[in-house]
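[1] give me a model of this one.
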Amino acid sequence: MDDAELIARPRRGDEAAFGSLVTAHQPAMLRLAGALLTSRALAEEATQEAWVGMLRGLDRFEGRASLKTWLYAILVNRARTIAARERRTVPFDHTDDARAEDPARFAADGSWTQAPVPFTDEVGERLDHAPLVARLAPALDVLPPAQRIIVTLRDIEGLSSDDVCAMLEITPANQRVLLHRARAGLRRSIEASLKRDG
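    Numbers count the residues shown, from 1 in each chain. Here you go, the predicted model:
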């Protein structure tokens with residue numbers, strides 16, 4: 001189903017269609033809210049408020065962005081409101097990590113030109129990603145908040161650079177810096193974890 005139909009059915013009062021939307025998007029929205037807020041309870045509150053906001057705004061959805069992007073924008077706005085209320089705002093600047101990574105390890109689009117240790121073996125064969133996935137959540141947790149949010153939106157949720165910049169109200173240059181530092185920080189954490197565990 002395309003986005004227009006996914007929205008049309010709840011507009012007509014189809015509760016099952018709304019339930020399907022929640023089932024499809026709730027886990028990712030909780031992950032994103034968790035990257036924006038300081039506790040699971042606040043993340044759940046923001047997510048619930050985002051669903052209410054989505055229902056109230058069904059008639060205003062024009063399809064200029066994807067349904068997923070629209071939902072995430074509502075969620076980011078709700079999370080920012082909650083963070084402000086809790087007096088725990090997250091600054092989106094590029095000064096939160098003074099350590100730079102070797103630019104040769106990244107292509108112009110921000111992807112790795114030299115894969116981190118767990119992705120390939122000595123002859124370049126792809127390796128099992130299970131050890132990497134197990135190490136990803138702790139590595140995400142130690143990133144500065146602005147970097148964690150950017151990498152969650154771009155690499156985990158798959159949103160475009162333009163969507164992320166619009167959603168977070170940051171410049172493309174700032175987004176690139178934050179994403180680069182987040183990816184570099186994740187790589188460092190995962191590689192260090194793999195070395196510790198031998």
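
[2] how far away is the closest residue to V22 other than its chain neighbours from A84?
    Among residues not flanking V22 along the chain, W51 sits closest, at 6.6 Å (Cβ to Cβ, 6 or more residues apart in numbering). C-beta: built from backbone N, CA, C; applies to glycine. Distance of W51 to A84, computed by Cβ to Cβ, to the nearest Å: 20 Å.

[3] so those two - more neighbours on which side?
    Ranked by neighbour count (other Cβ atoms under 10 Å), W51 and A84 place W51 first, with 19 against 10.

[4] now that one: which helix or strand?
    In this assignment (DSSP states H and E), W51 forms part of helix 40-56.

[5] pretty sure D3 sits against R64.
    No. The pair D3 / R64 is not scored as a contact, 10.5 Å apart, by Cβ atoms under 8 Å.

[6] who has more neighbours out of those two?
    D3 (15 against 7).

[7] tell me the pLDDT of R105.
    On pLDDT, R105 comes in at 60.

[8] apologies, that question was intended for S66.
    pLDDT, read off for S66, is 85.

[9] over to it: give its phi and psi.
    Backbone torsions for S66, taken as degrees, to the nearest 10, come to phi -70, psi 160.

[10] I'd assumed D2 was in contact with it.
    No. Judged on Cβ under 8 Å, S66 makes no contact with D2 at a distance of 9.8 Å.

[11] with neighbour numbers in mind, choose between the two.
    Set S66 next to D2 and count neighbours by other Cβ under 10 Å: S66 wins out with 14 against 10.

[12] list the contacts of the more buried one.
    Counting by Cβ atoms under 8 Å, 6 or more residues apart in numbering, S66 touches D3.

[13] from L36, how far off is it?
    20 Å.

[14] and what of V151?
    For V151, the distance to L36 (Cβ to Cβ) stands at 13 Å.

[15] look up how far G13 lies from K68.
    As defined by Cβ to Cβ, K68 lies at a distance of 22 Å from G13.

[16] okay, the two: which has more neighbours?
    Ranked by neighbour count (other Cβ under 10 Å), K68 and G13 place K68 first, with 18 against 8.

[17] quick one: the more buried one is in a helix?
    Yes. Counting by DSSP: H, G, I helix; E, B strand; the rest coil, K68 is located in a helix.
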